[in-house]
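Novice: I would like to see how this sequence folds:
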Amino acid sequence: MDKKLTGLILIFILTFSVFSALLVFREPITQYTRAKEDITPDAAKSTILAWPINDIKATGSDVSNISVFVRSINGRPLENKSVSLSSSIGTVNAISDTTNKNGEAKFTLSSSSPGVAEVLATVQPDIQLTQKVSIEFE
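Specialist: Purely as a prediction, here's the structure:
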């Protein structure tokens with residue numbers, strides 16, 4: 001056989017084998033060509049939400065529910081990340097919590113003195129979220 005024809009047949013068989021394998025295993029080719037996703041929390045993509053944020057009685061028993069959503073640089077939720085919360089006034093129910101499969105850690109905040117609580121979240125290892133939330137106790 002001619003060397004050129006043998007080379008073309010080998011290239012065809014190799015190409016056919018690769019694409020057949022991709023079809024059989026039903027995995028997108030990008031899974032094989034992209035780097036693995038970073039599992040480091042992103043301070044700008046992660047968010048902190050609270051409800052309610054005002055008209056909360058400063059009785060020590062009325063609470064504001066706080067959720068911290070930890071996201072990677074690609075915006076995907078990160079599970080099993082330790083999150084700690086700090087507040088300028090009031091008492092947080094737990095100093096830290098671990099994120100669930102949705103990347104969410106839950107807290108509550110109560111206060112027995114009126115004022116505005118500035119709440120900050122930190123994801124381990126020492127990544128402080130750029131967003132903060134203000135909660136008003138009256």
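Novice: In contact with Lys81, which residues are there?
Specialist: Going by C-beta atoms under 8 Å, 6 or more residues apart in numbering, Lys81 touches Pro41, Val70, Thr98, Thr99, Gly103, Ala105, Val123, Gln124. Yep, even glycine has a C-beta here, placed from its N, CA and C like the rest.
Novice: Restricted to buried residues, select the residues you listed in PyMOL.
Specialist: In PyMOL, a selection of the buried entries from the contacts of Lys81 looks like this (16 or more other C-beta atoms under 10 Å):
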select buried, resi 41+70+99+103+105+123
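Novice: which of the contacts of Lys81 lies closest to Ile53?
Specialist: Ala105 (18.1 Å; C-beta to C-beta).
Novice: Beta-bridge partners for that closest one, please?
Specialist: Under DSSP bridges, the beta-bridge partners of Ala105 are Val68.
Novice: correct me, but it touches Ser84?
Specialist: No - counting by C-beta atoms under 8 Å, Ala105 sits too far from Ser84 to count as a contact (9.1 Å).
Novice: what's around Asn65, how many residues?
Specialist: Counted with other C-beta atoms under 10 Å, residues neighbouring Asn65 total 13.
Novice: hmm, which two among the contacts of Lys81 are most spread apart?
Specialist: Gly103 and Gln124 (13.7 Å).
Novice: Would you list the phi and psi of Pro52?
Specialist: With angles defined as degrees, to the nearest 10, Pro52 sits at phi -70, psi 160.
Novice: In the chain, spot the strand with the most residues.
Specialist: Scanning the chain for the strand with the most residues, using DSSP state E, yields strand 115-123.
Novice: So for it, what gets flagged as buried?
Specialist: Ala117, Val119, Leu120, Ala121, Thr122, Val123.
Novice: quick check, nearest of these to Lys132?
Specialist: Within these, proximity to Lys132 (C-beta to C-beta) peaks at Leu120, which comes in at 5.1 Å.
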